[in-house]
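Engineer: The sequence and its predicted three-dimensional model are supplied below.
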Amino acid sequence: MSRIGKKEIILPDGVTVSVSEDNIVSVNGTLGSLSQQIDKSISVVSEGNIIKLLRSGDSPTEKAKHGLYRSLIANMVDGVSKGFSKDLEIKGVGYKAQKQGNKLVLNLGFSHPVEVVEEDNIKLECPTVTQIKVSGIDKQKVGQVAAKIRSIRPVEPYHGYGVRYANEQVLRKVGKTAAKGKK
């Protein structure tokens, strides 16, 4: 049995979970609501403030889906109660970010500024000109928007310029040294 799938999901105060006849799990909380289609081989059982997932068979695909859907529902519960966020840093001479209305304007060394528009349920913030905070209730969307912003100017390995995650370790390469000793 899946170790992740066996774990129970404990609902915090203010969070409700409902399952429709079409196997659509809806999670409502203080920050919003999310829903997810669940495979027919997985059943969701609600006992008070505890959610359990049960599977019908023992095939490898059903075992994998058991853990997958448990993780997805647990992330939905965390999202509507606490929310998710990713922090990005900008490094480089003249590189900066500004918030203008519902757009994030990035100056990253191109001949033009790059604009990123806020998506639904995703909030973009700039605490400083070199920091970006992406937050929302959907973990997948938060990670996707952060990866999209990072892909605009990935970190280059020689000087470390570009957009990176706040805790990302960048492997730096040594520059050319062949001509230094010659005369």
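Structural biologist: It's in. Remember, it's a predicted structure, so these values are computed and weren't measured experimentally.
Engineer: Q98 against C126, yeah?
Structural biologist: Yes. Using C-beta atoms under 8 Å, Q98 is in contact with C126, at 6.2 Å. Heads up, the C-betas are built off the backbone N, CA and C, glycines and all.
Engineer: what is in contact with the two at once?
Structural biologist: Contact criterion C-beta atoms under 8 Å, 6 or more residues apart in numbering; residues shared by Q98 and C126: L104.
Engineer: With neighbour numbers in mind, choose between these two.
Structural biologist: Shown here are Q98 and C126; by other C-beta atoms under 10 Å, C126 has more neighbours (19 against 12).
Engineer: quick one: the more buried one and V93, what's the gap?
Structural biologist: 18 Å (C-beta to C-beta, to the nearest Å).
Engineer: Equivalent analysis for S26, please.
Structural biologist: Distance of S26 to V93, given as C-beta to C-beta: 48 Å.
Engineer: which one of those two has more residues nearby?
Structural biologist: Neighbours per residue (other C-beta under 10 Å) separate S26 from V93, with S26 holding more: 14 against 7.
Engineer: Residues touching the helix or strand containing that one, excluding its own?
Structural biologist: Secondary structure from DSSP states H and E places S26 in strand 24-28. With C-beta under 8 Å, 6+ apart as the test, strand 24-28 has contacts from 15-20, 33-38, 44, 73, 76-77, 79-80.
Engineer: Can you say which of those are buried?
Structural biologist: In the contacts of strand 24-28, burial by neighbour count holds for 15, 17, 34, 38, 44, 73, 76-77, 79-80, counting by 16 or more other C-beta atoms under 10 Å.
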